[in-house]
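> this one's sequence-less:
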């Protein structure tokens, strides 16, 4: 009887959580759609960085091509996601505190950032491919790497940006806190995408894909556990 | 007093034994390694001590989030400070060893890069603490960063080197050190060294922690 009651309670909690995440996500997208400031800004940032790289490198060997692409994406992601908590005013955060659970807030931010990063990295990849023209042997696997990369950047940087926003909101802090944490993920992603470029058999890359998914799950779980503490002021 | 401090005596005895024994007791004659194999007694225990002391730091960060006691936070930060010292010692001894056996102080090895990045992570933790003035807020936010970074550090040091090629034994398909290099003579020195250095690290941490507590008491308005 008790377990039935508990599971019912748990189900209710999940439903409420999903509803809150939905409305918060809707709010994020609506706000972005109205101003289009973050998206356009980051888009221009990515395109001009690609162009700067093109003008300075002209042609690149495959190893450099791959590394350069991920470095461009890394900096774009840091700039895009650093905003996710900094743009919230103190009053608005207080308002969220009264109407939503902290888990709903962090989940909605993570999902929003994942969407933003996926669109952005897709456009960046397209622009990069057009300008630089480098043969990727296994395009499907490379796109999976780009997808996993944007998801990893979003999950890690969302939590770090929440931490940095509590600690005085400066860009330097965001960079020094996030670089050491993202490097292991970045190493895996670069290896995975290099495998895709060389057209190695996909089975070679299962290890990397598995570890990346695992790290993302751990990061999301830890974020869900820690964010309530971070949020309460 | 003695019954409380027996582990400090044990630490001194073990470290003294492993330092002298490490230089005197016979080691197997192996190609490339030669006598530099003795560095095993000095290099590897540093990493063990570092990992254990970082683990202590994470445990006390979790405790701090639950309890909100300032002393838990002090233990966490002093553990990190001590861990960073051992991290640098581990890198230093490793670089000397690598220079003789692998031909360069910094060969491109995932374990080297990983431990350097882990050290960066904890230096970032120190900088994060420096950027917040309010004490309780500083304790809470840095505890959160500490807990958040720890699982990724574990991946960095324990998982990634096993996925890629590494010069270190036990990684990238290499057999572990224990497989054939470590004869029973070496075990008698190696295990005491590991235990001794872990205890020394804990000792340094508790000393620093007690100094901090005294400083805090001193700074309080009477």
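Structure's in. What do you need? Not measured: the values here are computed from a predicted model.
> flag every buried residue along the top helix by length along chain B.
Longest helix in chain B by number of residues (criterion: DSSP state H): helix B:184-219. Using 16 or more other C-beta atoms under 10 Å in any protein chain shown as the test for burial, helix B:184-219 gives B:186, B:189-190, B:192-205, B:208-209, B:212. Using the backbone N, CA and C atoms, a C-beta is placed for each residue, glycine as well.
> try stretch A:41-55
For stretch A:41-55, using 16+ other C-beta under 10 Å, the buried residues are A:42, A:43, A:45, A:46, A:47, A:49, A:50, A:53, A:54.
> which of those residues fall in strands?
Mapping the buried residues of stretch A:41-55 onto strands (DSSP state E) picks out no residues; all lie outside.
> neighbours of the residue in chain A that chain B sits nearest to, how many?
Evaluated by C-beta to the nearest C-beta, chain A has residue A:180 as its residue closest to chain B, separated by 3.8 Å. For residue A:180, the neighbour count with other C-beta atoms under 10 Å in any protein chain shown is 22.
> quick check: closest non-adjacent residue to it.
residue B:121 (3.8 Å; C-beta to C-beta, 6 or more residues apart in numbering or on different chains).
> where does the helix or strand where that neighbour lies sit relative to the chain's centre, distance-wise?
Applying DSSP states H and E as the criterion places residue B:121 in helix B:110-131. Relative to its parent chain, helix B:110-131 has a centroid offset of 13 Å by C-alpha atoms, centre = their mean, to the nearest Å.
> OK, contacts around the residue most central in space within chain A?
Centroid-nearest residue in chain A: residue A:154, 1.5 Å away (criterion: C-alpha atoms, centre = their mean). Neighbour list for residue A:154: A:77, A:81, A:110, A:113, A:114, A:116, A:117 [criterion: C-beta atoms under 8 Å, 6 or more residues apart in numbering or on different chains].
> need the max-distance pair from those.
A:77 and A:110 (13.0 Å; C-beta to C-beta).
> just the helices in chain A please.
Counting by DSSP H, the helices of chain A are A:2-35, A:37-57, A:62-86, A:90-99, A:102-132, A:139-166, A:171-198, A:206-231.
> so residue B:133: helix, strand or coil?
Assigned with DSSP: H, G, I helix; E, B strand; the rest coil, residue B:133 falls in the coil class.
> cool, and the one 4 residues further on?
Following three-state DSSP, the label given to residue B:137 is helix.
> ok and the residue in chain B nearest chain A?
Closest point on chain B to chain A, by C-beta to the nearest C-beta, is residue B:121, at 3.8 Å.
> so who does that residue touch?
Counting by C-beta under 8 Å, 6+ apart, residue B:121 has contacts A:180, A:181, B:149, B:152, B:153.
> in the residues you listed, which residue is surrounded by the most others?
Of those, with other C-beta under 10 Å as the count, residue A:181 tops at 25 neighbours.
> excluding residues flanking it in the chain, which one is nearest the residue most central in space within chain B?
Geometric centre of chain B, nearest residue: residue B:50, 1.0 Å, by C-alpha atoms, centre = their mean. Spatial nearest neighbour of residue B:50, chain neighbours left out: residue B:86 (4.1 Å); criterion: C-beta to C-beta, 6+ apart.
> list the buried ones in the helix or strand hosting the one you found?
Residue B:86 is located in helix B:70-101, with elements delineated by DSSP H and E. For helix B:70-101, a neighbour-count test (16+ other C-beta under 10 Å) marks B:72-84, B:86-87, B:89-91, B:93-94, B:97-98 as buried.
> gap between stretch A:159-172 and the chain center?
For stretch A:159-172, the distance to the chain centre is 16 Å (C-alpha atoms, centre = their mean).
> tell me the average confidence for that stretch?
Stretch A:159-172 carries an average pLDDT of 82.
> quick revisit: what is the rounded mean pLDDT of the helix holding residue B:121?
Per-residue pLDDT values over helix B:110-131 give a mean of 88.
> tell me the buried residues in that helix?
Applying 16+ other C-beta under 10 Å to helix B:110-131 flags B:110-122, B:124-125, B:128-129, B:131 as buried.
> what does chain B have sitting close to chain A?
B:65, B:110, B:114, B:117-118, B:120-121, B:124, B:127-128, B:131-132, B:137, B:140-141, B:143-145, B:147-149, B:151-152, B:155-156, B:159-160, B:163-164 (C-beta under 8 Å from any C-beta of the partner chain).
> what's the local residue count around residue A:161?
So residue A:161, with other C-beta under 10 Å, has 24 neighbours.
> oh, that last question was meant for residue A:115, not what I typed.
Neighbour number of residue A:115 under other C-beta under 10 Å is 16.
> low pLDDT regions in chain B?
Within chain B, the stretches with pLDDT under 70 are B:1-2, B:164-167, B:169-184, B:222.
> who in chain A is up against chain B?
A:159-160, A:163, A:166-168, A:170, A:173, A:176-177, A:179-181, A:183-185, A:187-188, A:191, A:207-208, A:211, A:215, A:218-219, A:222-223, A:226, A:229-230, A:233.
> can you tell me which of these are buried?
For these, buried by 16+ other C-beta under 10 Å: A:159-160, A:163, A:166-167, A:173, A:176-177, A:179-181, A:183-185, A:187-188, A:191, A:207-208, A:211, A:215, A:219, A:222-223, A:226, A:229-230.
> most neighbours per residue, which of the helices of chain A?
Mean neighbours per residue, mean count of other C-beta atoms under 10 Å in any protein chain shown, is largest over the helices of chain A for helix A:139-166, with a mean of 23.
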